[in-house]
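# model the following, please.
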Amino acid sequence: MTTQMLHLSRKSRDVYTAKLHYQHLRMQELDMMKNIMQDELEEIQVYLNRAEHQIGQIRQELHGGRTAGGQPTTQVGEFERLL
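So this is what the prediction gives:
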């Protein structure tokens, strides 16, 4: 019976070792996912900054009495509502 208990204890240890290894791999996977999401967040921030810059330029042109194409405008109020 003692040898059977020893064998069972070793198998239990093997299970815990495998579970520990799995959890370590899972943590690595989650870290990689976090890094990818951080990169995507930074990329989106760049696009948002570009869009805000473009909106600012258009507003500036509208306040100057010109459209984005350089043509005079008479409906500044209507364009301002859109921005």
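
# only C-alpha atoms from now on, for both contacts and neighbour counts.
Will do.

# which sections of the chain are below the confidence cut-off?
The chain contains residues with pLDDT under 70 at 65-83.

# longest helix anywhere in it?
Using DSSP state H, we find that the single longest helix of the chain is helix 2-63.

# pull the distance from that one to the chain's centre.
10 Å (C-alpha atoms, centre = their mean, to the nearest Å).

# show me what that helix is packed up against.
helix 76-82 (3 or more C-alpha pairs under 8 Å, 6 or more residues apart in numbering; DSSP states H and E).

# any idea how far residue 43 lies from residue 26?
Taking C-alpha to C-alpha, to the nearest Å as the measure, residue 43 falls 26 Å from residue 26.

# what's the neighbour count on residue 61?
19 (other C-alpha atoms under 10 Å).

# wait, I meant residue 60
Neighbours of residue 60 under the rule other C-alpha under 10 Å: 14.
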